[in-house]
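Participant: show me how the following folds:
(one chain, ligands or ions: 1)
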Amino acid sequence: MNASPKSIKVLMVCLGNICRSPTAQGIFEKYVEESHLKQHIEVDSAGTGNWHIGESPDIRSLKAAARRGYDISGQRARQIMPDDYTHFDYILAMDIMNLKELERDCPPRFRQNLRLFMTFGDFDYNSVPDPYHSGPDGFELVLDLVEEASQNLLDYIIKLHDLRSDQ
Ligand code: 4NP
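Facilitator: Here you go, the predicted structure:
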């Protein structure tokens, strides 16, 4: 069943929307589903750049995610658009460069909804490093960081919004 209109809405944002943010969307969606909270939390992702619009996630991200049980193959890249700033409650940037882009374009009254995704992480990272030009280790690091931050983000949202599972 689709999320209800009263859902908490979460948007993951990176540069190309083919590596980090689709991974974050897929992992966070799975955690939401496993917690039986699909009716309460909507998840999406977007890129600040426009180079990959309409494309599937990068094959390296897709395969690395699949090895850990996340299917992100149905996602297609899109660019962030003005309506996103008014629609989403949490707009989570994968790195500081993308956060700055969002801050530049976001209407001031919605800027409080912008954050670095890794503020929810436990690691010594404030950003999820861009794996696009890296080797396989870069994609594994993305998964490690995103899994940790996603669990913490979900715990935070459940507590703050007093969400109860659909079961
Ligand atoms: P993402 O990775 O922002 O995690 O999707 C990138 C994808 C593509 C490019 C850069 C980063 N690019 O330069 O095309």
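
Participant: from here on, contacts and neighbour counts on C-alpha atoms
Facilitator: Fine.

Participant: if I pick the spatially closest residue to Trp51 that is not a sequence neighbour, what's in contact with it?
Facilitator: Counting by Cα to Cα, 6 or more residues apart in numbering, Trp51 lies nearest to Gly16, which is 6.8 Å off, once chain neighbours are set aside. By Cα atoms under 8 Å, 6 or more residues apart in numbering, Gly16 lies in contact with 46-52, 77.

Participant: how about 10 Å then?
Facilitator: Residues in contact with Gly16 (Cα atoms under 10 Å, 6 or more residues apart in numbering) are 22, 46-53, 55, 57-58, 77-79, 130, 132.

Participant: can the longest helix belonging to the chain be found next to the ligand?
Facilitator: As assigned by DSSP state H, the longest helix anywhere in the chain is helix 136-161. No. Using Cα under 6 Å from any ligand atom, helix 136-161 stays clear of the ligand, coming no nearer than 8.9 Å.

Participant: just the pLDDT at Ser127, thanks.
Facilitator: pLDDT for Ser127: 97.

Participant: distance check, Ile80 against the ligand.
Facilitator: 12 Å (Cα to the nearest ligand atom, to the nearest Å).

Participant: for Tyr156, same thing?
Facilitator: On the measure of Cα to the nearest ligand atom, Tyr156 and the ligand end up 24 Å apart.

Participant: all strands for this protein, in order.
Facilitator: In the chain, the strands defined using DSSP state E lie at 8-14, 41-47, 90-93, 114-116.
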